[in-house]
Every structure is written in structure tokens, then in C-alpha cells.
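Novice: Just a sequence and a predicted model for now, questions to come.
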Amino acid sequence: MPSETLLGVDEKTLLHRYLNEARDALLWKLDGLSEYDVRRPLTPTGTNLLGLVKHAAGVELNYFGRVFDRPFPDAPLWSTAQAAPASDMFAAPEESRESVVGFYQRVRSFADETIAALPVDAPGVVPWWSPARRAVTLREVLLDVIVELHRHAGHADVVRELVDGAVGMQDGNDNMPEVDRSFWPAHHARLEEIAVAADRALQG
Amino acid sequence: MASDPKADLHRYLKVIRESFLWKLDGLSEYDVRRPLTPTGTNLLGLAKHLAGVEAGYFGDCLGRPFPEKMPYDLDADPNSDMFATARESREDVLGFYARATAFADTSIEELPLDAPGVVPWWPEERKYVTLHLLLVHVIAEVNRHAGHADILREGLDGAAGLRSGNSNLPEQDWRGYFERVEAEARAAAGMG
């Protein structure tokens, strides 16, 4: 009786809602940044905000496409097994921000069609997983994509904060403590002091 | 192949907890506590926060209060669940995490997915929930914080990856890749 377990929200609707939260957060993290800042690599492995959106599009296109034998039409080379390593993790100069975001919107609609069309127990096969694990259901795929996109939204949180200091969980609900702006520099200084002291104490 | 919703959810929760804890492995006392963003995000603080998250959502919210006093007071200090104090050792925080997650596991095992719960700090129209919703919520939250931990850890010592034993990253010249991404970002922005 899955439809009765969630106080009026069925299982697929619940999973879809959490999928949308991660999608929306990833896109929101680009808001108001310059062309350079959305593309700037902020870690040694090159993590950058526009690349995370492009990667999310590739993830959804494959998991909600090939896995259920509903391939995305004209999948770009970077989203396939023939792609150069990590070429889905950054936008080339000729790919505008609008084209990357627009492509993700199209993939998102395509994925939503798969989710709407199939029951939550629908079987699928993930060809790039180990043979022992590759037989899956839509339920597992939804969960898998939810966890992957939320983890990437976490990457985007820190990258965005390092770029311009902007923080928050969702557009309109930052989920941060209600404190004055001046709280944070003092908080940071206090934590740095504790960290230094803890290290010294341990080394005697 | 049929799958069992509760077993699937519980498995995903256990997998991400392990990945998260792995991000603290092998770091010095300083690095595990060092604030690395302007709002002070740090690895040991994330562990403390996530312990509180599990104790709350799988405890109080389901009418099964976690039997310990929380090692922070958000009324007195609004961000006190996000860092370990000078008096708290790494073992104290990781012990709290282990007890909170074991307690959460008991709730998850003993209750059916449709067990009702209430999240007092959520808005009225969303606060009446089930274990099912709480599981999805906490899985999403732990994954998002694990994403924070990924970037912090990589910034500290360059260690990156999905989980212990499976980095899920391609083998390549990352230094060269980084330089290419930086160059292409500059080109796209007309910075030459």
C-alpha cells in the first residue's frame, strides 16, 4: 500500500520531490555569477559549478534513459562511454552557460517522462555497473540519482561559498542560523583557534 | 526483480555514512577541525551535525527520544552543532556519531515505513511525516554534507573519491586537466 504510507504522498512523488530539490539547488548555485566564476575550477580535480550541471545532465540522461531502454535522442558524445575522461565535468568555451542549462532542462523533462511512465518497481539494467548489481528497479535508480545529485549539490555549496561567500540550502530557504553577518568572521576565527589548540594539545 | 523499499533506503543510508566517515580518515587533529569556508565548515563539525540529525529525525521525530543530552545547545550558540569544542576529542564526536547512528538503525529496523512522525521545526503543512519520508530526507541531507566533506578533504590534502575502495574518478593527469579547465574558463569569459 505504498500510496497510503506517506500521508497522501505516494512513493514516486516523494522520491521525485527530493530529486527536484537537488536539481533546483544545483541550478540556483549558478545565479548571479560571472562567466568566469561559474566555470572556474576550485579543487585540484577541477570541480566547477557549470561542470556540475553538465555532469548532472549526463547522469540523468543515462540513468533515466538507457537503463530503462528509453535512450535519450542524439545523446552528446561527452555523455557516452566514448567520452574523454571528465569531459562531462566542464563546459568548453563554445558551450554557453545558456546552452548547458537549457540542455539540462531538456534532459530533466525527458527524465520526468520516464519517471511518470513507469511504475516504481519497473525493472532496468545499468550496463556500467558490475554484473551482480546491474539489475535494478526504478525505485533504486531514483534513489541512486537522488544521492548522486545531492552529493554534487554539496560540492556546489562549498564551491559557491569559496567563489563569493554565498551559502544556503534552497532558493528561499537558506536553512542557516539566524545570525548577524558579523557572526561568521568571529565564528571562523574561534574555530581556527580551537583547531590550533587541539592540535597542540595532542602533540603535547 | 522486486526490491524492498525499506531495505533499499537503509542500505543507501549505511553506504553514505561510511563514505562520510572515510573523509576524516588519516587527518591530523588540526586538519579535521580546521574551518575551510567563510561560515566555518569543517569535517569534525559535519560529523557532530550529522549525529544530531540522525538522533533527531530517527528519535524525537518518531516519538523515541535519543537517550542522551545533545553535546550542543543551539539556543545558546546557534552554530554549536557544527564544530567540536576544545574540550571535545575526535573520539568523543565519533563516539556520539556511532551511538546516534546505531540508535537510528534500531528505529528504522523496528518501525514500519508508514510509522507516523512529526518534525517540530518544519512548517505546519509539511511537518507530519512518516519514517519513509524521514529516510529519504536524511539520505539526501547526509549526501549533501558528504559533498561538503569531499571538497573540504580535497582542499586539505588532495584526497578525492566516492568511497573507500572506489574513487569513481577516471585515471588521468589531473594537474593538466585542472589547467585546461582554468584556461577554458578564462577563454569563455574573454579573459584571454
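Specialist: Received, thanks. Numbers count the residues shown, from 1 in each chain, chains lettered A, B, ... in the order given.
Novice: Only C-alpha atoms from now on, for both contacts and neighbour counts.
Specialist: OK.
Novice: so what's the residue nearest the centre of chain B scoring on pLDDT?
Specialist: The residue lying closest to the centre of chain B (Cα atoms, centre = their mean) is B:V142, at 3.5 Å. Looking at B:V142, its pLDDT stands at 98.
Novice: What strand or helix carries it?
Specialist: helix B:131-157 (DSSP states H and E).
Novice: Could you list every helix and strand in contact with the helix or strand following that helix?
Specialist: Sequence order places helix B:174-188 as the next helix or strand after helix B:131-157, per DSSP H and E. On a contact count with 3 or more Cα pairs under 8 Å, 6 or more residues apart in numbering or on different chains; DSSP states H and E, helix B:174-188 meets helix A:35-39.
Novice: how about the helix it packs on, does it reach chain B?
Specialist: Yes - using Cα under 8 Å from any Cα of the partner chain, we find that helix A:35-39 touches chain B at A:E35, A:Y36, A:D37, A:R39.
Novice: who touches that helix?
Specialist: Under the criterion Cα atoms under 8 Å, 6 or more residues apart in numbering or on different chains, residues A:30, A:48-51, A:90-91, A:97, A:163, B:181-182, B:185-186, B:188-189 lie in contact with helix A:35-39.
Novice: tell me, what residue is most central in chain A?
Specialist: Central residue of chain A (Cα atoms, centre = their mean): A:L149, 2.8 Å from the mean position.
Novice: list the contacts for that residue?
Specialist: A:L149 neighbours (Cα under 8 Å, 6+ apart): A:L19, A:A22, A:R23, A:A56.
Novice: Quick one: distance of the host helix or strand of A:S109 to the chain centre.
Specialist: Assigning secondary structure by DSSP H and E places A:S109 in helix A:97-117. In terms of Cα atoms, centre = their mean, to the nearest Å, the centre of helix A:97-117 is set 14 Å apart from its chain centre.
Novice: Which strands and helices lie in contact with that helix?
Specialist: helix A:49-63.
Novice: picking up where we left off before, buried sites along the helix holding A:S109?
Specialist: For helix A:97-117, the buried set under the neighbour-count rule, 16 or more other Cα atoms under 10 Å in any protein chain shown, comprises A:R97, A:V100, A:V101, A:Y104, A:V107, A:R108, A:F110, A:A111, A:T114, A:I115.
Novice: any idea which of those residues is closest to A:G168?
Specialist: Distance ranking of the buried residues of helix A:97-117 against A:G168, using Cα to Cα, places A:V101 first at 20.3 Å.
Novice: which residues sit in contact with the closest one?
Specialist: Counted by Cα under 8 Å, 6+ apart, A:V101 has contacts A:L27, A:V53, A:K54.
Novice: And for A:V145, the neighbour number?
Specialist: Using other Cα atoms under 10 Å in any protein chain shown, A:V145 has 19 neighbouring residues.
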